[in-house]
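*Asks:* Quick one: sequence and predicted model below, then my questions.
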Amino acid sequence: MPTKSFTWTPGRGKRAKEFLQARDQVIEAIDKVYNNAENYPSDLIYPPYYGFVGVNCQPLELDEDGKHLSPPKPIFFRPQGAAWVAPVLAADSEGEEDLKRITEGWDNAQDHPLVSELHSQVGYVYSALQRMFFQFRRDFLRGDNEIPPNLRQKSKWVESGGSERLVFAEEFRGALWGSLRWSPGAAFVPKKLSYPKGSPPSHTMVMILVEREPSEELSRAEVMTITAAMITRLEGDDCLEYNTIPFMAITIFARMKARIIEAYSSQQRLVMRKTELFDFSTNQVANKNMNILLGFMCADLVEEVEDEDAKGAKVPANILEVCTPAGMDFEKNADMNQSQPNVVKVEKGGTIRKVLSRMSMFGGPKAESERPERVGK
């Protein structure tokens, strides 16, 4: 589909410039958060140090079904809930055995010699989650002669291959995959086929594999992974129309534990909400928690910001923070509460930055060669 042409008018130029100024503020803020996390001396980030790193991290509370107990504002994801996840349709005896190995194998998994090490426990949960999402077809209502879908097909996501560099730029490879204790897993971007009338939104989903003891505290690995993906997406060609990245992370720890993080990039810092840890050590809790995670992975991606002051604006209409960061005194940090420019989606086509760069009105994004490769530890 051809991109829309850019017609220059004074008013449009001012709006475009304001958009790019806000966008560059976001990139600069998230880049600082990444650098702070990369240089942070501990694997865990405790609430008193959130302000130092540049994160606003609050609890993400869920009801029994795995939906938002109180929908956060702004809201970017609507999880489907565990009850929505349809039963598996096992096509043959081999498929039934595969399913049983997952759903009935949690009780004794850690007793198996191949699952005794921390890294193998992470791999066990990760493999089960992947198979439940990609492999098994589900008994959803469908039309005549329609093949039953798997959950990946029901979701809004398509997996992004590492060679595409859509989620993690080359500059981050050393930092994100250089550790022996953690790394990103599968990464996803919205399906283009789900948005036939326009470009997909900037939402992103990533699995994070942390081969260490679980903790309710925020981890350095999570902050580095999320911010690296946000920087890559904002500086890439796919998200030129947006200036924030709504983000979902599923972190899998050792000891058969996992959690969900919802995050987005603001003009001041990284805003995050994290659930409590989900347990996968017994059949009873693991299968329900698996469906909660799958319900999140199949969440609706919210494009319209549900804000009375921002109706009609595309994601994000305003990326100011909406909750107070723990451990920070905002009376002493009043500059962080000042009003920022409204942040809106620009017209399709991704041409505004290029036009302004040619006219020398505003600097374009940093070329990949301008950034040194990040080095992890």
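*Replies:* Alright, I've got the coordinates.
*Asks:* Report the residue spans of this structure with pLDDT below the cut-off.
*Replies:* 1-12, 92-93, 143-145, 162-164, 196, 304-377 (pLDDT under 70).
*Asks:* could you point out the longest helix in it?
*Replies:* Taking DSSP state H as the criterion, the chain has its longest helix at helix 10-38.
*Asks:* In it, which residues are buried?
*Replies:* With burial defined by 16 or more other Cβ atoms under 10 Å, the residues of helix 10-38 counted as buried are 13, 16, 19-20, 22-27, 29-34, 36-38. Any C-beta I mention is one placed from the backbone N, CA and C, and that applies to glycine too.
*Asks:* Same check on stretch 97-113?
*Replies:* Buried, per 16+ other Cβ under 10 Å, within stretch 97-113: 98-99, 102, 106, 109-110.
*Asks:* which residues of this structure fall in strands?
*Replies:* 44-45, 55-59, 77-78, 157-159, 182-190, 204-210, 218-219, 247-253, 257-265, 270-274, 278-279, 300-301 (DSSP state E).
*Asks:* Please name whichever of those is nearest to residue 231.
*Replies:* strand 257-265 (8.8 Å; Cβ to Cβ).
*Asks:* Parallel or antiparallel, list what pairs with the closest one.
*Replies:* strand 247-253 (antiparallel), strand 270-274 (antiparallel), strand 278-279 (antiparallel) (DSSP bridges).
*Asks:* Number of residues surrounding residue 44?
*Replies:* 14 (other Cβ atoms under 10 Å).
*Asks:* quick one: the residue lying closest to residue 69 once chain neighbours are set aside from residue 226, how far?
*Replies:* Counting by Cβ to Cβ, 6 or more residues apart in numbering, the nearest residue to residue 69 once its immediate chain neighbours are dropped is residue 61, at 4.1 Å. For residue 61, the distance to residue 226 (Cβ to Cβ, to the nearest Å) stands at 20 Å.
*Asks:* what about those two, which has more around it?
*Replies:* residue 226 (30 against 12).
*Asks:* contacting residues for that one?
*Replies:* 206, 247, 249, 261, 263, 270, 272 (Cβ atoms under 8 Å, 6 or more residues apart in numbering).
*Asks:* residues touching the residue nearest to residue 69, list them.
*Replies:* Per Cβ under 8 Å, 6+ apart, neighbours of residue 61: 68-70, 275.
*Asks:* can we see that at 10 Å?
*Replies:* 68-70, 72, 273, 275-276 (Cβ atoms under 10 Å, 6 or more residues apart in numbering).
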